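Novice: Fold the following for me, if possible:
(chains A, B, C and D)
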Protein chains: 2
Amino acid sequence: MEKQVTIYDLARALNLSTATISRALDNSPLVKPHTREKIRAMAEKMGYRQNLIARNLRKQQSRTIGVLLHEVNSYFATSVLAGIEKITTREKYDILIAHSGEDGGREIANTRNLFNKRVDGLIVSLAMNTSATDHFNPFFEQGIPVVFFDRVVKKMPCSKIVIDNFKAGYQATAHLLDQGYRRIAHITASLQRNVYEERLRGYKKALADRNIRFSPELVESCSLNREDTLEAMNKLLAQKPDAFFVTNDFAAAVCMDALQQSGIRIPGDMGVIGFNNDILGSLISPKLSTIDYPGLLMGETAAQTLIEKIKTKKSGKGTPEGKNVTIPSSLIIRESTGKKDRAGRSLKS
Amino acid sequence: MEKQVTIYDLARALNLSTATISRALDNSPLVKPHTREKIRAMAEKMGYRQNLIARNLRKQQSRTIGVLLHEVNSYFATSVLAGIEKITTREKYDILIAHSGEDGGREIANTRNLFNKRVDGLIVSLAMNTSATDHFNPFFEQGIPVVFFDRVVKKMPCSKIVIDNFKAGYQATAHLLDQGYRRIAHITASLQRNVYEERLRGYKKALADRNIRFSPELVESCSLNREDTLEAMNKLLAQKPDAFFVTNDFAAAVCMDALQQSGIRIPGDMGVIGFNNDILGSLISPKLSTIDYPGLLMGETAAQTLIEKIKTKKSGKGTPEGKNVTIPSSLIIRESTGKKDRAGRSLKS
DNA sequence: ATCAAAAATGAAATCGATTACATTTAAAAA
DNA sequence: TTTTTAAATGTAATCGATTTCATTTTTGAT
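Specialist: Numbering: from 1, shown residues only, chains lettered A, B, ... in the order given. Presented below is the predicted three-dimensional model:
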C-alpha cells in the first residue's frame, strides 16, 4: 500500500507552490503554459491522482446526486436510471443510488444518509408505504434541490416529473370497453401513491362516460409481486370479470399466464391490459397491450431539471420555482385486448 | 440556504472543545454520559448533521464501494446489485455504481473516476469489448481491493466470483441432445469474455462426448440485443438446426417469438434453451428451459469477499490472497426443451 | 532605461471533522 | 488530608485540495 502522491509532493519536486500546482491541474489561465506542461508531466510521472474528497470539502460540494428509488428490479426503474446516468455523466456528476425496497423506514434512513453525504441534489420516487415526508425537510431547509418523479406528492415545494396517469388510466379502460369488454377488473397498488390513485380515477371516469356503474368489488390493491397478484386475481375472478386492467406489466403477465393455464382464452374470453411497456410485454403471447411509460425520458428530464436547479442555485439567482413536467405517455395496442368474443364465452372453466 | 451547523458551533454553544463533541457523537466511552447527553440534545436542537466529506478526508477512507457493471438493464444485473446492496447496507458502506454500457472506453473512464473518488474497494464485471486491463493497475498499486464477478480475467491478482460456465454450457447442450435434438445452433457473444468462451467449450464437449462433430457454422456471436440476435438467428436458420442454445434468456425469448411467428413449433420442431433464469423465461410460452444463474448470491458473495479484504487490509494483516469462489448454478428444465418430435418435422415453413 | 500595467507565482487561511498528546478534574488509596 | 490513579476534557496538528490576498516577475509603453 503505497502512499498517495499529493500536490505537496508535486510542489516539492518542482520547487513551486501548491497554489500553482492546483491551478495548473485545473487548467487555470493564471499559470504559464510552459509551467503547466511541466506540472502535467510531473503529475503523470509521479502518478498523481486528485483527491476528490479534499476537493469537495474545500469547495463545499460533492458533485454527487442522490437517487432514491422505490425499487430497481424493473425495466422501468433501470430505464429511469439509464436516463439519469446519461445526463449526469455528461454533466460530470456522480450518482449515489439508494433503494428502499418499497419500505418507508429504509427510505427515511437512506434520505438521511444521502443528506449527510452532502449530495448536491436529490431525485426521488417514493416507496409504496411512505406517508409522512418530514425526512425531506433538511433538504428544503438547506435549499438543496429535490426533484420527484413518477411517485410524487402534490403539495411538496419542488419539481415533479410525471405522466398523466388519469388520462392513461382512462385510455386503458376505454380501450377495453371499446373492444367489447364490460366487467373490467382492476389490479392496482397502494392508493396512497398518486400514480395508482389517478389511474383508478381514470378508470372510473371511463366507466362513467359510458354509463357503466363502478363496482368497488372489481378493484383490488396489492403489492404487485407474484403471489399477491395471483391472490388478488383469484379474488377478482369470483366477480366474473371479462377483462383485467393491471397496473403493471409484470403483474399483468403473471395474470395472463395463470388465466391461460386455467383455459381462459386471451383475448376473446378475457381482455388484459398492462401498464409500463416493459419489454416483457412484447415477448409473451398474446403480446400485451399496455401504456407506454417512457422511463428513459423521465430519468433524463429529472436529471436535467435537477442540474438546472443546482446551477441556478449556485449562481445565486434566487430559488427557482418548482417545475412540473408531464411526460407524454401513450396507449400501445397489441394482442391481449383483441375484441371480445361474445359467442363462445367459456368463463366458468 | 442556511449555513451548516458544525461541531465548532456545538462546541461554542456548550462551551466545550470540538474534541469532546466529536467523541461524544461517536459514542466514545471517553466522554461522561451526562456530557454526551447534553451534546446529543444540543446537536438535535441545532440540527447538526455530520459532514461525511470532512470525516472521510481525515480518516482517509470513503466508506464507499465502487461497482463497475457492463450493463444494468437485465434481471441478472439488478439481482447482483440487490445482493451487493444487501451486504453493503448492513456493513454501512455506500455504493457508487458506474456502468459502461458494454463500452470499454467508458469502462476506463469510470474506473479512473472511481479511483479518484477514493473508493475503498471495487466490484467489477467487464464490458464486452474490454481487452487490456491496465486501467485497474492504480488499484493494485495502492493495494485497494478489487473483486471481479461473472466476467473475469483469469490472470488478474484478485478475487473472482464466477459460476462454472463450462459445466453449465455442457449441461444445456447435453439436455437438448438427451431430448433428441441433434443439430444444435449456439448464439453467443464475444468469446473474449470468459463466460461465453467457457460455455462454448462446454457445448463442444457435450457434442464430442456423443460423437457429434462440431460445426463452426452452427455458432454465431453477436451483441445479444434484439436486432443482432434476430440476424444471428436467421443466419443460423440457413444451417437447418433443430435446436437453439442461446446464451441469454432475453435473446432466447426474442428467438422463440420469431421462430413461432414463422410457424415453427417449440418444442417439437425446435428445442430452445436459454441462460440466466430471468423471470421472463417463466412468463413466456412455452416456458423457457435455462440455466439458473444466481445473481443475488453472486452479488452478496462479491460484496462479502470485498469487505473482508478491506477489513483485513485495514487491520494490517498483510495482503489477503485472491479468493476464487464458484457459485453453484443449475439446469432448469421447463417446456421449451420438450422431446423432439421426429415424425412431423415441418422445418421448411 | 524607467515605470505602469499585466501576468505569474506564493503564503497562508480555509473547509469540518478526527486524534495524538497534554492537561485538568474526579475518584480511590494511603 | 494528601497522594496516586483514572477519567474527562482540551490543544493543536492533520487530512489534501482551493482560493484570497499579497508579492514577484515579465511585458509593453514611454
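Novice: did I read that right, A:I264 in a helix?
Specialist: No: if the criterion is DSSP: H, G, I helix; E, B strand; the rest coil, then A:I264 is coil and not within a helix.
Novice: Distance of the nearest residue to it once chain neighbours are set aside relative to A:N234?
Specialist: With Cβ to Cβ, 6 or more residues apart in numbering or on different chains as the criterion, A:I264 has its nearest non-adjacent residue at 5.2 Å, and that residue is A:M270. Yep, even glycine has a C-beta here, placed from its N, CA and C like the rest. Computed as Cβ to Cβ, to the nearest Å, the A:M270 to A:N234 distance reads 14 Å.
Novice: So for these two, which residue has more residues nearby?
Specialist: Shown here are A:M270 and A:N234; by other Cβ atoms under 10 Å in any protein chain shown, A:M270 has more neighbours (25 against 12).
Novice: Quick one: name the residues of chain A near DNA strand C.
Specialist: Neighbours of DNA strand C within chain A, by Cβ under 7 Å from any atom of the strand: A:15-20, A:23, A:29-32, A:35, A:54, A:57-58, A:60.
Novice: repeat that with 6 Å
Specialist: Within chain A, the residues that sit near DNA strand C (Cβ under 6 Å from any atom of the strand) are A:16-20, A:30-32, A:35, A:57-58, A:60.
Novice: in a strand, that's where A:V162 is, yeah?
Specialist: Yes: counting by three-state DSSP, A:V162 falls inside a strand.
Novice: tally of neighbours for A:P216?
Specialist: Using other Cβ under 10 Å, the number of residues around A:P216 comes to 6.
Novice: Show the pLDDT at it.
Specialist: Looking at A:P216, its pLDDT stands at 96.
Novice: What separation is there between it and DNA strand C?
Specialist: 52 Å (Cβ to the nearest atom of the strand, to the nearest Å).
Novice: And for A:V67?
Specialist: 24 Å.
Novice: so where do the strands sit in the stretch 101-250 of chain A?
Specialist: A:121-124, A:146-149, A:159-163, A:184-188, A:219-221, A:243-246 (DSSP state E, counting those that start in this stretch).
Novice: Residues touching the last one, excluding its own?
Specialist: Meaning strand A:243-246. Contact with strand A:243-246 is made by A:169, A:172-173, A:176, A:181-187, A:203, A:229, A:233, A:236, A:252, A:255, A:259, A:270-275, A:337, A:340, as judged by Cβ atoms under 8 Å, 6 or more residues apart in numbering or on different chains.
Novice: tell me, how many neighbours does the nearest residue to A:A82 once chain neighbours are set aside end up with?
Specialist: Leaving aside its sequence neighbours, A:A82 sits nearest to A:L296 (Cβ to Cβ, 6+ apart; 5.9 Å). For A:L296, the neighbour count with other Cβ under 10 Å is 16.
Novice: Check A:V195 too.
Specialist: 24.
Novice: so what's the nearest residue to it once chain neighbours are set aside up against?
Specialist: Distances taken as Cβ to Cβ, 6+ apart put A:N165 closest to A:V195, at 5.0 Å, once the chain neighbours are dropped. Counting by Cβ under 8 Å, 6+ apart, A:N165 makes contact with A:194-196, A:198-199, A:202.
Novice: Break down chain A into its helices, ranges please.
Specialist: Assigned helices in chain A, in chain order: A:7-14, A:18-25, A:33-46, A:52-59, A:75-90, A:104-116, A:137-142, A:165-178, A:194-209, A:226-237, A:249-261, A:295-314 (criterion: DSSP state H).
Novice: Identify whichever of these lies nearest to B:I333.
Specialist: Closest to B:I333 of these is helix A:249-261 (Cβ to Cβ; 17.8 Å).
Novice: on that earlier part again, which pair in the contacts of A:N165 has the greatest spatial separation?
Specialist: Farthest pair in these (Cβ to Cβ) is A:N194 and A:G202. Separation: 12.1 Å.
Novice: And A:S289, how close does it get to A:A252?
Specialist: Going from A:S289 to A:A252 by Cβ to Cβ gives 9 Å.
Novice: So what's the residue count around the residue in the stretch 151-300 of chain A that DNA strand C sits nearest to?
Specialist: Closest residue of the stretch 151-300 of chain A to DNA strand C, Cβ to the nearest atom of the strand: A:C158 (23.7 Å). When neighbours are defined as other Cβ under 10 Å, A:C158 has 23 of them.
Novice: Now do the contacts for it.
Specialist: Listed by Cβ under 8 Å, 6+ apart, the contact set of A:C158 reads A:140, A:145-148, A:322.
Novice: Now with 6 Å, please.
Specialist: Neighbour list for A:C158: A:146, A:322 [criterion: Cβ atoms under 6 Å, 6 or more residues apart in numbering or on different chains].
Novice: That one and A:F149, how far apart?
Specialist: Computed as Cβ to Cβ, the A:C158 to A:F149 distance reads 11 Å.
Novice: Could you single out the nearest of the residues of chain A next to DNA strand C to B:T64?
Specialist: Using Cβ to Cβ, A:L57 is the member of the residues of chain A next to DNA strand C that lies nearest B:T64, at 14.9 Å.
Novice: wait, isn't the closest one in contact with B:L52?
Specialist: No: counting by Cβ atoms under 6 Å, B:L52 is not a contact partner of A:L57; they are 9.9 Å apart.
Novice: residues from the stretch 1-150 of chain A in reach of chain B?
Specialist: Contact residues (Cβ under 6 Å from any Cβ of the partner chain) of the stretch 1-150 of chain A with chain B: A:1-2, A:49-50, A:52-54, A:56-57, A:72-73, A:78, A:97, A:116-118, A:143.
Novice: list the contacts for the nearest residue to A:K160 once chain neighbours are set aside?
Specialist: In this structure, A:K160 finds its nearest non-sequential neighbour in A:V152, 4.4 Å apart by Cβ to Cβ, 6+ apart. Each residue near A:V152 by Cβ under 6 Å, 6+ apart is listed here: A:160, A:162, A:194.
Novice: Dump these to TSV, plus pLDDT.
Specialist: TSV is the format used below for those (pLDDT from 0 to 100):
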residue	pLDDT
A:K160	96
A:V162	96
A:N194	95
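Novice: Show me whatever sits in contact with both of A:L57 and B:L52.
Specialist: Residues within reach of A:L57 and of B:L52 at once, by Cβ under 6 Å, 6+ apart: there are none.
Novice: ok so, going back, for the contacts of A:V152, give me a markdown table that also has neighbour count.
Specialist: As requested, the contacts of A:V152 are exported to a markdown table (neighbours: other Cβ atoms under 10 Å in any protein chain shown):
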| residue | neighbour count |
| --- | --- |
| A:K160 | 23 |
| A:V162 | 20 |
| A:N194 | 19 |
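Novice: Which of the residues you listed sits closest to chain B?
Specialist: Among the contacts of A:V152, A:K160 lies closest to chain B (Cβ to the nearest Cβ), at 21.6 Å.
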